[in-house]
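>>> Generate coordinates for the sequence data below:
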Amino acid sequence: SSSSRCLDSPSSEGLVVLVHGLQASSNSTSSIDMAKAHCNQGFDVACINFRGCSGVPNDRIPAYHMGFTDDLIHFLELLNSQDDPPPIFLSAFSLGANVVLNCLGELGERAHSELNIHGAAVCCVPIRNERNVNFMQAPGFNRAVYNPFLLESLRDAYLKQLDRFPDAPEASMIDREQLEAAELVSDFDDAVVAPLFGYKDSVDYYRKTSCLN
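Numbering: from 1, shown residues only. Okay, the predicted model is just below:
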């Protein structure tokens, strides 16, 4: 399940819902720095953790991906179920930015009329996921440092989930040998994200979840 962490401003201008990047969390340096910056501008801040990123293991094998908006929308609906909810603003970076823009595209006018969203600001957006992943995996620093850092984090998380839930229906959808042999993030997406979330392969996943669409 997802969770959230909140930071209150003495005199609130509204609530900023902060969405973190791939394998980050509400405790990551970027999330904390952004939350403090918003708070210093007079906003309350709530940072939503994607499934499995809060430090508490997810209670199912599937977690989240670049187009997974369900938890964000659910959180926004919960906020607006309160009496006199504050104006809501969305802020995000990296994968979270892609999720926020996908979310706003899905909601359309409902974002303001039903969910009380008054604005959004995002940074480091992948835009075209396929091109972005290819750039991240190109020979050089990204392939040598950034790609293996993310891959090991993702692989470790899912191997632990497979060990926790060996009899879950989703466990049979993942080729464990393919996951263990993955050398690139796109290999992981082929082995895990595509089958779990109904995409043909990693390319289909990138194209269908690009916020540009």
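>>> going forward, measure contacts between C-alpha atoms and count neighbours the same way
Fine.
>>> Now find how far off-centre the longest helix anywhere in the chain is within its chain.
Scanning the chain for the helix with the most residues, using DSSP state H, yields helix 147-164. Relative to its chain's centre, helix 147-164 lies at 16 Å (C-alpha atoms, centre = their mean, to the nearest Å).
>>> So what touches that helix?
For helix 147-164, the surrounding residues in contact (C-alpha atoms under 8 Å, 6 or more residues apart in numbering) are 22-23, 52, 57-58, 60-61, 136-137, 171, 176, 179-180, 183-185, 188.
>>> Quick check: mean pLDDT of it?
Helix 147-164 shows a mean pLDDT of 97.
>>> Run the chain-centre distance for whichever strand or helix holds Arg131.
Element membership of Arg131, judged by DSSP states H and E, is helix 129-136. Put simply, helix 129-136 sits 17 Å off its chain's centre (C-alpha atoms, centre = their mean).
>>> swap in stretch 173-193?
Distance, centroid of stretch 173-193 to centroid of chain: 19 Å (C-alpha atoms, centre = their mean).
>>> And for stretch 60-71?
Worked out by C-alpha atoms, centre = their mean, stretch 60-71 lies 7 Å from the chain centre.
>>> next one: stretch 191-209
For stretch 191-209, the distance to the chain centre is 15 Å (C-alpha atoms, centre = their mean).
>>> coming back round to it: beyond the longest helix of the chain, next helix or strand please.
Immediately after helix 147-164, counting by DSSP H and E, sits helix 176-181.
>>> secondary structure element for the most centrally placed residue in the chain?
The residue lying closest to the centre of the chain (C-alpha atoms, centre = their mean) is Gly96, at 4.5 Å. Element membership for Gly96, per DSSP H and E: helix 95-107.
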